[in-house]
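K.L.:
how would this look folded up:
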Amino acid sequence: MDYFMMQQDARVQNVAELAPGAPKLKSLTREQVRDIPITEILYVREGQQNEYPDFLEGYMLVSERLKRILGKYQKDTLFKTMILIEKERNRQEVYYLMSVPEVDCLSVETVYDKRGDVIEAVLDASRVGHARIFHVSGCGKRVFLRLDVAESILRRDSYGVWFERLKEETGGQCR
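P.N.:
Next up is the predicted model:
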């Protein structure tokens, strides 16, 4: 099975940013996400023509369209409603804070920098199990997903989502 890292498309300009003082959503653990109230209101930084892609990677927020797709493929994904309000333009957008399971599946072939951060993730496919959407232990809060999930997202004309194919180890060999 092929795996991909889901990213925010770097070509999207003026991506909406949360106003100063907003909680650090990306650093929340699964338990902390579970404890968040059903709906939260967050304010967006003013003064620019904000764009709202389907995936706001820096905050682990997904649009309604992406939530529907991801929820079908990974039933234990947690979603919390986040209303993004841009007061200056009288605009509000509904997003969902996403928390997916974490899987310990990095291969020994993974490349690290001097600080120990992952430069190139190589997955050990035999350790991924049945997970379709997941975080990888040791890779921070990056979102990884199987080919079938990536294809489903692409078929539905998502906006601002980019996929990077990962190297995968199967039976001791990288492919």
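
K.L.:
CA only for contacts and neighbour counts going forward, please
P.N.:
Noted.

K.L.:
Just list what the host helix or strand of Leu154 packs against, helices and strands only.
P.N.:
Taking DSSP states H and E as the criterion, the element that holds Leu154 is helix 147-155. The elements that helix 147-155 packs onto, with contact taken as 3 or more Cα pairs under 8 Å, 6 or more residues apart in numbering; DSSP states H and E, are strand 3-8, helix 64-73.

K.L.:
Give me the buried positions along that helix.
P.N.:
Leu147, Val149, Ala150, Ile153 (16 or more other Cα atoms under 10 Å).

K.L.:
How about stretch 100-113?
P.N.:
Val100, Pro101, Glu102, Val103, Cys105, Leu106, Ser107, Glu109, Thr110.

K.L.:
which one of the helices and strands packed on helix 147-155 is the most hemmed in?
P.N.:
strand 3-8 (a mean of 20; mean count of other Cα atoms under 10 Å).

K.L.:
what angle do it and helix 147-155 make?
P.N.:
For the pair strand 3-8 and helix 147-155, the angle between their directions (axes from the mean of the first three to the mean of the last three Cα atoms, to 10 degrees) equals 30 degrees.

K.L.:
Show me the beta-bridge partners of the most centrally placed residue in the chain.
P.N.:
Among the residues of the chain, Val143 comes closest to the average C-alpha position under Cα atoms, centre = their mean, at 4.2 Å. Beta-bridge partners for Val143, by DSSP bridges, are Met6.
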